[in-house]
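>>> For reference, the sequence and a predicted model appear below.
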Amino acid sequence: MAGAYVYDFSEGSRDRADLLGGKGANLAEMTRLGLPVPPGFTVSTDACRVFLRTGAPPTGLDREIDEHLADLEKSIGRRLGQPDDPLLVSVRSGARFSMPGMMDTILDVGLNDASVLGLAETSGRERFAWDSYRRLVQMYGTTVLGVAAARFEAVLSRRRAESGVADDLGLGVSDLVAIVREFRALIAADTGEEFPQDPREQLDRAVLAVFRSWNGERARVYRRREHIPDDLGTAVTVQAMVFGNSGPDSGTGVAFTRDPGTGRTGGYGDYLPDAQGEDVVSGVRDAHPLHDLERLDPAAYERLIGCLGLLEAHYRDLCDVEFTVERGRLWILQTRVGKRSAEAAFRIACALVDEGVIDWPEALARVDGGQLDQLTFPRFDAHADTEPLAHGVPASPGAAVGAAVFDVAEATRRAEAGEPVVLVRPETSPDDLPGMIAAEAVVTGRGGKTSHAAVVARGMGKVCVCGAADLDIDVEGRRAAAADGTVVAEGDTISVDGTAGTVYLGELPLVASPVTHYLETGERTPGVVEAVARFLDRADATRRLDVLANADTAEDAARARRFGARGIGLCRTEHMFLGDRRRLVEELILARDDADRKQALDALLPLQRRDFTDILAAMDGLPVTIRLIDPPLHEFLPDHTESAVRIARERAAGREPDAREVRMYEAGERLRERNPMLGLRGVRLALVVPGLIATQVRAIAEATVARLRAGGDPRAEIMIPLVATVEELRPARAEVERVLAEVGREAGVAVRCPVGTMIELPRAALTAAELAGEADFFSFGTNDLTQTTWGLSRDDAEASFLAVYLERGILPVSPFETLDRAGVGRLIESAVTDARRTKPDLRIGVCGEHAGDPTSIHYLAGLPITYVSCSPYRLPSTRLEAARATA
Ligand code: ADP
Ligand code: MG
Ligand code: MG
C-alpha cells in the first residue's frame, strides 16, 4: 500500500536513502535480498521535514501509520502491546548520511504493566521481560520525556551496589521490578506526568521524539563537522523487536565483512551474549570477539558469515552489520557500507580491483587525498624502548601526542588555546563529540573496535585506543591510574599509538610513515605501501592535468621530483635574497648611482647563478618556471620601527647613530608604502629598478649554459609577475629576450627560454587576449588573484573579519582555501577562453594554495588548462585528486 509518508520494507530499496534514510533504505534492500530482517516500515524524511517546519506531523501520517501497523500486526499475528502476547517495536532514527549514535532510537515500545506480564508468560523468561521493560522506561524517559540520563544511571548503579553485582546482568527479577518502579517515580517527579501505558501513544510520541533528535545538540555538532546539510531531516523506522537479551542463548553484536582498520578479509567484530541494542556500542560491558559466537552457537555464526558474504558481494564494498541472535535464531538489523581507516580504504579498494569486483575508476572514487595525507603522517619510533602505560584495542591508527584531559569542557578549552590534547574517558557517548573533535586522540577504558569512540574516531581519521582496561579512569578526580601505579593527571603529556593500541606517558619520538618512506625512496613493500603505490601509478596514468610543484631550492626540487612532480610551476626567486645575502640587496637599495647599483647586482649574480644551476640539475629534463622577483624591496630592509628606535636612542644618548643604519632608514622612509601589496612590486619593480631583471635573467641564462655544458637538459622558463597591461609585459619581455641573446652570444650557444606571465590581477584576466600575444604561457596566481578580485588582504583578513564571516556563515569557506568559482573562477574561465583565441596552444597553469585543495582541483580539472602547481608535500594527494576529478 503506497501512501505519502510511510513505506513498508518491501517497498523501498537502497537508492531511496533520500526518502527512507540510509538505515531504512538498507533494511528494505536486505528484505528484498531475502536476508532475515524483522519486518517493519519507515516514515519518510519528508514527514520529518514537515514536522521540523511546522512543529506538527503532516496530516494523514497518523492514518498511514495505523494502516502499516495493522499490516505488521497481521503478518506477525500479534498486536502492539497486546497484554497476553505483545508485539514490541523499535522506533529508530536514520538519516540519509550515516550519523552513528547522534540521534535517538527507542527499543521495546509497546510494553506496559500488563504486557510485561504477558511477555514473561509467553517467553517463559521473566527476567528478560522485566529487563526489556526497564530499558523501555529508561530510553523513553530520557528521549521522549527529557529526564537526564544520569538520573537513571544513578538508580542503576545504586541498585547494583546494593545487590553486590558488577553489571546489569547480575540484577534479578525483583531488582528489575523495583528499578522500573523507581524509574517511573523519577519520571513522575521530574515531568509531572506518568510513563504512558497506552502502546500507541508510546509509539506516536517516540516517532516525534526521533524527528526532534535531528536538531539535538550532538547531531548538529556532528553535521557541522561532516558538512551534512541541516535541512535533510531524519526518517523513522518502526520495526518488530527481536530479543538478544532473552537469555544466554541470545545476544547481539556488530560485524564487518573485513577489518575496518587494515582491510584484511574475514568476518570481524564484537559479540555480547544476553544483551540488547546499545550494549555493544556503548561499551557498558566488554564485548567478546566475534569468533566467540562460533564457539557459542556455530549454526548462527555460519548463517552470519553467509549474510556477510552476500552483503559484500551485493554492495561490492566493506559493509558493517548490526545483528541479534534470539534463542539461536539470527536476525540482521542494519547494514551500511562501513566506515574505515585510511589504510583500509586503500587496501580494500585494491583488493576489490584484484578480485574483479570493481574497476579502477570506481576504486579511485573510493579513496581521497585526505586519506592519503593521513597515511603520510609520522608514526612512533618502534625502537624507542618505552614501556606502555596501558594496552587497549587499536581502534583507529596513527600516532598522536597531547595533554591528557578527562572531559569535553577541558578538551575544548585547551584546544582553543592551541594546546594538543588527548581525550581520556571511561567510554564515550555522543555527548563527547565536541571533545573528540578538539582532541588529537581518544583513549577509552571500555569498549572494542565497534564502540562509539572507535567508530566516530575512524570516521574522523582521529587516533583512537579503546578498551584500555588497565587504565583506571577517574573523571571526577581528573586523573587516570595505570596498573603499575603511575598516575596521569590532567595536563600530563601522553602519547597514543592507535596502530598498536598502546598509550605511553610523556612524548614519544616520531618517525616517518612507511608511505612517506616509499615516496622518498620508491621502495615498495607489501600491504598499504603497495596499495598506495598502485593507486598513484594509476592516478598518473589517468589524470589529464599535469601536476607540478612550487619549489624554491634544489632540495625542495629534488623532493618534489621524488614525490612525482612533472616540473616546477613556481620557483620564487626572492628567497634567494634572504639570509646573509640580504646585505647585498641592501647595497642595491642604497646605491646612489648606476656604478654602485651595478656593483651590488654583480655581487648577487654568481649566487643566483649557482642556485639556478642546482635547481635545473635537480629538475633536469623537466620545466622549471622561474618567477622574477616579486615582493616590494623594502621587505628586505630591517624593520623600520626598530631602526627608528635605535637611531633615536643613539641620538638621545648624545651619540652619532650608525651611518648605514640612517641611510637604510631613509631608504625605508622613501620606499615604504601604505599598501605594499598593491604597490611597487612584480613587473613594476623590474621596470623601475634598472638592472634587476637583467641580473636575474643573466643568472638564469648562465645557469642554463652551465647545465648544457655539463650535458644536462635544462628547461628554464621565465615568468613575469603582477602584470596588469600588455604595455608592461612588452618592455619587460624585450629586456628578457635581450639578455638571453646577449648571454647566448657570449657563450656561443642559443639560450631559449619561454617567457610567460602570471595572471593575478583582474585587469590581466580581462585583457588576456592581448597578453597572450606577448606570452609563451600563462600561470594563474590564484592567491593574489583572489586578494585583488575580492579586495581582501590575505594576510590581514584571516585574523579579523573573515573569521567572523565564516562563523556567521556569510561565507561558507575562505576563498583563499577553496577557489571561488563564481568570481575568481569566472575571471579564470574568461581569460582562458580569450587567451586561447589569440593562441590556441598556449600553455596555462595554476599555482597557489588552491592547487592543493581537493575541491578546487576538481573544479580546475574541468577547465581547459594544462597543469596545477602545488607545494611538494601536497603532491601525492594532488596527483590522486587530479585523477579522481577525471575518472
Ligand atoms: P543507531 O543509529 O544509534 O545505531 P539504531 O536504530 O541502529 O541506532 O538502534 C540502536 C540499537 O538497537 C542497535 O544496536 C540496533 O541493532 C538495536 N535495535 C534496533 N532495532 C531493533 C529491533 N527491532 N530489535 C532488536 N534490536 C534492535
Ligand atoms: Mg543509538
Ligand atoms: Mg545502528
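Arrived safely, thanks for sending. Numbers count the residues shown, from 1 in each chain. Ligands and ions are numbered 1, 2, ... in the order given.

>>> Can you give me the buried ones in the biggest helix by length in the chain?
For the chain, the longest helix by residue count, based on DSSP state H, is helix 594-618. Of all the residues in helix 594-618, those buried under the rule 16 or more other CB atoms under 10 Å are 597-598, 600-601, 603-605, 608-618. (C-beta placed from N, C-alpha, C; glycine too.)

>>> How about stretch 106-123?
Those would be 106-112, 115-120, 123, for stretch 106-123 by 16+ other CB under 10 Å.

>>> returning to that earlier point: determine the set of other helices and strands touching the longest helix of the chain.
helix 554-562, helix 582-590, strand 624-627, helix 692-709 (3 or more CB pairs under 8 Å, 6 or more residues apart in numbering; DSSP states H and E).

>>> Check these for me and report the most buried one.
strand 624-627 (a mean of 26; mean count of other CB atoms under 10 Å).

>>> In PDB, list the C-alpha atoms belonging to whichever helix or strand comes after it.
Next helix or strand after strand 624-627 toward the C-terminus (DSSP states H and E): helix 640-652. What follows is helix 640-652, C-alpha atoms only, in PDB (Å, rounded to 0.1, in the frame of the first residue of the first chain):
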ATOM      1  CA  HIS A 640      61.500  50.300  10.000                       C
ATOM      2  CA  THR A 641      60.200  51.000  13.500                       C
ATOM      3  CA  GLU A 642      63.100  49.200  15.200                       C
ATOM      4  CA  SER A 643      65.500  51.200  13.100                       C
ATOM      5  CA  ALA A 644      63.800  54.400  14.200                       C
ATOM      6  CA  VAL A 645      64.000  53.400  17.800                       C
ATOM      7  CA  ARG A 646      67.700  52.500  17.600                       C
ATOM      8  CA  ILE A 647      68.600  55.800  15.900                       C
ATOM      9  CA  ALA A 648      66.600  57.800  18.300                       C
ATOM     10  CA  ARG A 649      68.200  56.100  21.300                       C
ATOM     11  CA  GLU A 650      71.700  56.800  20.000                       C
ATOM     12  CA  ARG A 651      70.800  60.400  19.400                       C
ATOM     13  CA  ALA A 652      69.200  60.800  22.900                       C
END
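
>>> residues making contact with the longest helix of the chain?
551, 553-554, 557-558, 561, 568, 571, 573, 576-577, 581, 584-585, 587-588, 590-591, 624, 626, 690-692, 694-696, 698-700, 702-704, 706-707, 710, 712, 714-716 (CB atoms under 8 Å, 6 or more residues apart in numbering).

>>> now what about the helix or strand bottoming out on mean pLDDT in the chain, what contacts it?
Least confident element among the helices and strands of the chain, by mean pLDDT, DSSP states H and E: helix 794-797 (a mean of 74). Outside helix 794-797, the residues that touch it by CB under 8 Å, 6+ apart are 677, 783, 786-787, 816.

>>> Could I have the buried ones of those as ChimeraX selection syntax?
Those of those that count as buried under 16+ other CB under 10 Å are selected in ChimeraX with:
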select :677,786,787,816
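
>>> Show me the subset of the contacts of helix 794-797 that also lies near ligand 1.
Filtering the contacts of helix 794-797 for proximity to ligand 1 by CB under 6 Å from any ligand atom leaves nothing.

>>> between the contacts of helix 794-797, which is closest to ligand 1?
Phe816 (37.3 Å; CB to the nearest ligand atom).

>>> shouldn't that closest one be in contact with Leu785?
No: using CB atoms under 8 Å, Phe816 is not in contact with Leu785; the gap is 10.7 Å.

>>> Could you give the separation of the longest helix of the chain from the chain centroid?
Centroid displacement of helix 594-618 relative to its chain, using CA atoms, centre = their mean, to the nearest Å, is 44 Å.

>>> likewise stretch 707-726?
38 Å.

>>> which sections of the protein are below the confidence cut-off?
For the chain, the stretches with pLDDT under 70 are 1-3, 283-284, 383-384, 798-799.

>>> Mind putting the helices and strands packed on helix 594-618 into JSON lines with distance to Arg16?
As requested, the helices and strands packed on helix 594-618 are exported to JSON lines (distance: least, CB to CB, whole Å):
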{"stretch": "helix 554-562", "distance to Arg16": "47"}
{"stretch": "helix 582-590", "distance to Arg16": "66"}
{"stretch": "strand 624-627", "distance to Arg16": "50"}
{"stretch": "helix 692-709", "distance to Arg16": "61"}
